[in-house]
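Asks: Below is the sequence, then the predicted model.
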Amino acid sequence: METTAGLTFRDATDADVDTLVALVESAYRGDDSRAGWTTEADILEGQRTDPEGVLAVIKSPDSRLLTVERAGRVVACCQLEHRGTHAYFGMFAVSPTLQGGGLGKVIIAEAERIARETWDVTEMHMTVISVREDLIAWYERRGYRRTGRMTPFPYGDERFGVPQRDDLQFELLVKPLA
């Protein structure tokens, strides 16, 4: 457990599953997500994750689901997964009512530090829905670069949501970790 800027970072446990599913859903789906700027409500309906998906990340030996608390309340989370020379950053969610205040910057910097120190990785990778220009621009300001490498969106697999448009794909973003 580490503390940074009034935040406590710890690995998620089985007991956190329901809280983390609710957090991720609130940051990306439905009307609650519109309180923040990371909403995907206009491009995807349905769920963003489910208890099985969150538990799988918690249980995976090469993965950590960082849970971020402020004053004893879960306010954010992110997945870090060790993939050889790089780490994968995913399932990043900040409570919608706390978005826009610099919390995300602190969390991603801490996640990068943890990945570098834990696994001695040289890069952080992530995938972002390519039409999310505002979100990609935010990551670019954090040092991530677009690669142009795309992977298809899993149309028809409602575990990842119900697309509201037919041009969705994921773009790989990469950041060297010094």
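Replies: Now that the structure is in, tell me what you want to look at.
Asks: Give me the below-cutoff pLDDT ranges for this protein.
Replies: 1-5, 29-30, 32-47 (pLDDT under 70).
Asks: show me where it has strands.
Replies: Secondary structure of the chain by DSSP state E: the strands cover 2-4, 7-11, 44-45, 63-70, 73-83, 86-94, 123-129, 145-152, 162-163, 169-176.
Asks: Nearest to Glu25, out of those strands?
Replies: strand 86-94 (8.6 Å; Cβ to Cβ). In this view, the C-beta of every residue, glycine as well, is placed from N, C-alpha and C.
Asks: can you list the residues that contact that closest one?
Replies: Outside strand 86-94, the residues that touch it by Cβ atoms under 8 Å, 6 or more residues apart in numbering are 20, 23-24, 26-28, 36, 38, 49, 54, 57, 65, 75-81, 103-104, 107-108, 111-112, 115, 119, 121-127, 174.
Asks: buried set for that strand?
Replies: By neighbour count on 16 or more other Cβ atoms under 10 Å, the buried set for strand 86-94 is His86, Ala87, Tyr88, Phe89, Met91, Phe92, Ala93, Val94.
Asks: what's the nearest residue to the last one if we skip its chain neighbours?
Replies: In space, and not counting its chain neighbours, Val94 is closest to Ala76: 4.4 Å by Cβ to Cβ, 6 or more residues apart in numbering.
Asks: quick one on the thing from earlier: looking at the buried residues of strand 86-94, spot the one nearest Gly148.
Replies: Out of the buried residues of strand 86-94, the member with the shortest distance to Gly148 (by Cβ to Cβ) is His86, at 17.4 Å.
Asks: Specify the beta-bridge partners of the closest one.
Replies: Going by DSSP bridges, His86 is paired in beta bridges with Arg83, Glu123.
Asks: I am finished for the moment; much appreciated.
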